[in-house]
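Student: coords please:
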Amino acid sequence: MQNNEVLRMRGICKSFLGVRALNNVDFTLRKGEIHALMGENGAGKSTLIKVLTGVYEKDGGSITVEGKDAHIRSPQDAQKAGISTVYQEITLCPNLTVAENMFIGRTKGALVNWKEREKRTAEILDSLGIPARPRQELSGCSLAVQQMVAIARAVDMQCKVLILDEPTSSLDEKEVEMLFGLMRDLKSRGVGIIFVTHFLEQVYAVSDRITVLRNGELVGEYVAEELPQVELVAKMMGKDLKDLADLEQVGVKNAGEKDMVYEAENLSSTEARPFGFHIRRGEVNGFTGLLGSGRSESVRAVFGADRVTGGTVKMNGKSVRITNPHEAMKAGIGYLPEDRKRDGIIADLSVRENIILALQVMRGFFHPMSRKEMEQFADEYIKALQIKTASQETPVGSLSGGNQQKVILARWLLTHPEYLILDEPTRGIDVGTKLEIQKLVLKLAEDDVSVTFISSEIEEMLRVCSRLIVMRDRKIVGELTGDDLTQATVMKTIAGGEQ
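Tutor: Just a heads-up that it's a prediction; the model follows:
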């Protein structure tokens, strides 16, 4: 072991029901460094962190802390080894004071000298520059200060390894800088920090080294200042910049100067920063960017799926109010959500019931469809989309992922939307069904339906979209059309325009 290594993980393996989530992964953390752990969704970051913190027990490999074997089988084992984690969601008790949160779970015996503990809390807060008072109720602190209190608690428990898991997701720019100041302070004190985030600019603002995972395997470990952002994006996505080839855009249709269907100015929600956006009749456009860039949050704001907090919207040139999904549906907007199991299908209901759901909501409770009408609609779309099901009465939860996705598509097509938002419509489904959905999108455009298409796969976006809105750190950072619609240009724009 090198003298400055605080954590060494070697050959870490972990499987779930025969599926390998981590395959022979190595990770090294030094004292007094901030080390970013990067990777797209499903790369294995969370699994590696949970193995390190004892939430999961590893299937193979070794973990050493300061040169000593660490047998971590529970979060308590991790804590004893000097490993602490601060999550995006605050895990402290908001109804207790700052001092009570600092020492919760660490009290031995019935008698507690709270005067002494409040004094100790004040010393820690002051030494770390945290703007909070010991007797202040935690709920009265900002999210950033609550994060910092959680970090102070870890420091007071003599942590050697501090894991920050998406700590900045709910913070504004000023709060992020405050947190970064604390991270740099801890770094100067010799604490090793593992920084997990999707924000590229933040990685380069504070990190010394970067480890990239992809599909449960180690891609590599890099010195941050020696790894350009565009190369980091390429490594996360599994692309070789030297070998990038433009994909042919089969069937892409440019809407040209057709009428605007949807326009938004300064649209914002509880999850999306203000943005401007428009789409023309018969256009297929897309939001692209790394996971966490804000692409899904933006389209959820368009559909009113999250609480809208500002902005103006027009449909067909007329001002409309869209603050919830029902108003969006009435305006002619349909939305296939990113997580079909959580937000899309109702697993215990039949294929027929899932297909007619949106149209029935639009008609209202007092205008129920007849059973015959429901069956006719279901039969029509089962045939049109070639949904593989034993019957229209089969519970939709028993269908394959691809056929579940087709059922949700059928639900929205039945409402005859003017504007259809498809967020990850082909995720987790076979290649054949992917192509069917892509062809369907292009056919909808030919029929003058406007479609916003979101996919984690750049190749797929290039096949179907005539315009791409590029997002990074929850902001629109570029718009690509024509000759700029290439993998290389998309990745460079995501990375910040580097060559």
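
Student: quick one: A36 from L29, how far?
Tutor: With distances taken as C-beta to C-beta, to the nearest Å, A36 is found 11 Å from L29. Quick note: C-beta positions are derived from backbone N, CA and C, even for glycine.

Student: okay, now the unreliable bits of this structure?
Tutor: 1-3, 41-42, 88-89, 107-110, 239-257, 428-433, 497-499 (pLDDT under 70).

Student: tell me, what residue is most central in it?
Tutor: G292 (4.1 Å; C-alpha atoms, centre = their mean).

Student: residues contacting that residue?
Tutor: E166, S169, T197, H198, F199 (C-beta atoms under 8 Å, 6 or more residues apart in numbering).

Student: and the helices in the stretch 251-400 of the chain?
Tutor: When secondary structure is read from DSSP state H, counting those that start in this stretch, the stretch 251-400 of the chain shows helices at 295-303, 325-330, 351-363, 371-384.

Student: which residues are contacting stretch 66-73?
Tutor: 1, 5-6, 51-54, 57, 62-64, 77-78, 81-83, 160.

Student: for P417, find the nearest of the helices of the stretch 251-400 of the chain.
Tutor: Closest of those to P417 is helix 325-330, at 8.1 Å (criterion: C-beta to C-beta).

Student: contacting residues around the closest one?
Tutor: With C-beta under 8 Å, 6+ apart as the test, helix 325-330 has contacts from V302, F303, G304, A305, V320, R321, I322, Y335, A358, V361, M362, T415.

Student: go through the contacts of G292 and flag which are in helices.
Tutor: In helices, judged by DSSP state H, none of the contacts of G292 are found.

Student: buried subset of those residues, written for PyMOL?
Tutor: Applied in PyMOL, the following selects the buried portion of the contacts of G292 according to 16 or more other C-beta atoms under 10 Å:
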select buried, resi 166+197+198+199
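
Student: can you redo the contacts of G292 as JSON lines with distance to D185?
Tutor: Output for these, formatted as JSON lines (distance: C-beta to C-beta, whole Å):
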{"residue": "E166", "distance to D185": "20"}
{"residue": "S169", "distance to D185": "21"}
{"residue": "T197", "distance to D185": "19"}
{"residue": "H198", "distance to D185": "24"}
{"residue": "F199", "distance to D185": "20"}
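
Student: for the contacts of G292, which one is nearest D448?
Tutor: Compare each of those with D448 using C-beta to C-beta and the shortest gap goes to H198, at 35.8 Å.

Student: verify the stated contact: the closest one with R295.
Tutor: No. Using C-beta atoms under 8 Å, H198 is not in contact with R295, being 11.3 Å away.

Student: about what we covered before: buried ones from the contacts of stretch 66-73, can you make that a ChimeraX selection?
Tutor: A single ChimeraX command selects the buried members of the contacts of stretch 66-73 (16+ other C-beta under 10 Å):
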select :5,6,51,52,53,54,63,64,78,81,82,83,160
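
Student: of the contacts of stretch 66-73, which belong to strands?
Tutor: Counting by DSSP state E, the contacts of stretch 66-73 place E5, V6, S62, I63, T64, I83 in strands.

Student: right, and the fourth one touches V6 too?
Tutor: No. Counting by C-beta under 8 Å, I63 does not reach V6; the two are 11.7 Å apart.

Student: what sits in contact with each of these two?
Tutor: With contacts defined as C-beta under 8 Å, 6+ apart, no residue is adjacent to both I63 and V6.

Student: before we move on, the earlier item: spit out the residues that contact A36 and L29 alike.
Tutor: Both A36 and L29 lack any common contacting residue under the criterion C-beta under 8 Å, 6+ apart.

Student: what sits closest to G276 if chain neighbours are left out?
Tutor: In space, and not counting its chain neighbours, G276 is closest to E265: 5.2 Å by C-beta to C-beta, 6 or more residues apart in numbering.

Student: please apply the same query to T270.
Tutor: Per C-beta to C-beta, 6+ apart, closest to T270 is R307, 4.8 Å.

Student: neighbours around Q136, how many?
Tutor: By other C-beta atoms under 10 Å, 16 other residues sit near Q136.

Student: contacts only, for it.
Tutor: T97, V98.

Student: where's it relative to A99, distance?
Tutor: Using C-beta to C-beta, we find Q136 at a distance of 9 Å from A99.

Student: what of E123?
Tutor: 11 Å.

Student: ok, these two, which is more surrounded?
Tutor: Under the criterion of other C-beta under 10 Å, the comparison of E123 against A99 puts A99 first, with 25 against 12.

Student: what comes into contact with whichever strand or helix holds the more buried one?
Tutor: Using DSSP states H and E, A99 maps to helix 98-103. For helix 98-103, contacts defined as C-beta under 8 Å, 6+ apart pick out 92-93, 112, 114, 117-118, 120-121, 124-125, 132-138, 141, 149-150, 152-153, 156.

Student: and the helix or strand containing T493, how far out from the chain's middle?
Tutor: Assigned by DSSP H and E, T493 belongs to helix 487-495. Centroid separation for helix 487-495 versus its chain: 19 Å, with C-alpha atoms, centre = their mean, to the nearest Å.

Student: what helices and strands are in contact with it?
Tutor: Other helices and strands packing on helix 487-495, by 3 or more C-beta pairs under 8 Å, 6 or more residues apart in numbering; DSSP states H and E, are helix 229-237, helix 458-464, strand 467-472, strand 475-481.

Student: turn these into TSV, columns for distance to K372.
Tutor: Formatted as TSV, the helices and strands packed on helix 487-495 follow (distance: least, C-beta to C-beta, whole Å):
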stretch	distance to K372
helix 229-237	49
helix 458-464	36
strand 467-472	42
strand 475-481	47
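
Student: out of those, which one sits most buried?
Tutor: For the helices and strands packed on helix 487-495, the largest average neighbour count (mean count of other C-beta atoms under 10 Å) is found in strand 467-472, namely a mean of 23.

Student: mind checking which of the contacts of G292 are in strands?
Tutor: Counting by DSSP E, those contribute nothing to strands.

Student: which of the contacts of G292 lies closest to R281?
Tutor: Nearest to R281 among the contacts of G292 is H198, at 33.7 Å by C-beta to C-beta.

Student: ok, that closest one - contacts?
Tutor: So H198 contacts E166, L290, L291, G292, S293 (C-beta under 8 Å, 6+ apart).

Student: so the second one makes contact with D473?
Tutor: No. Under the criterion of C-beta under 8 Å, L290 is not in contact with D473, lying 9.4 Å apart.

Student: the two: who's more crowded?
Tutor: When L290 and D473 are compared for neighbours, L290 comes out ahead with 25 against 20, by other C-beta under 10 Å.

Student: next one: the more buried one from V219, what distance?
Tutor: Noted for L290: a distance of 15 Å to V219, by C-beta to C-beta.

Student: just F275 next, same as before
Tutor: Distance from F275 to V219, counting by C-beta to C-beta: 31 Å.

Student: these two: which is more packed in?
Tutor: It is F275, of F275 and V219, that has more neighbours when counted by other C-beta under 10 Å, with 22 against 18.
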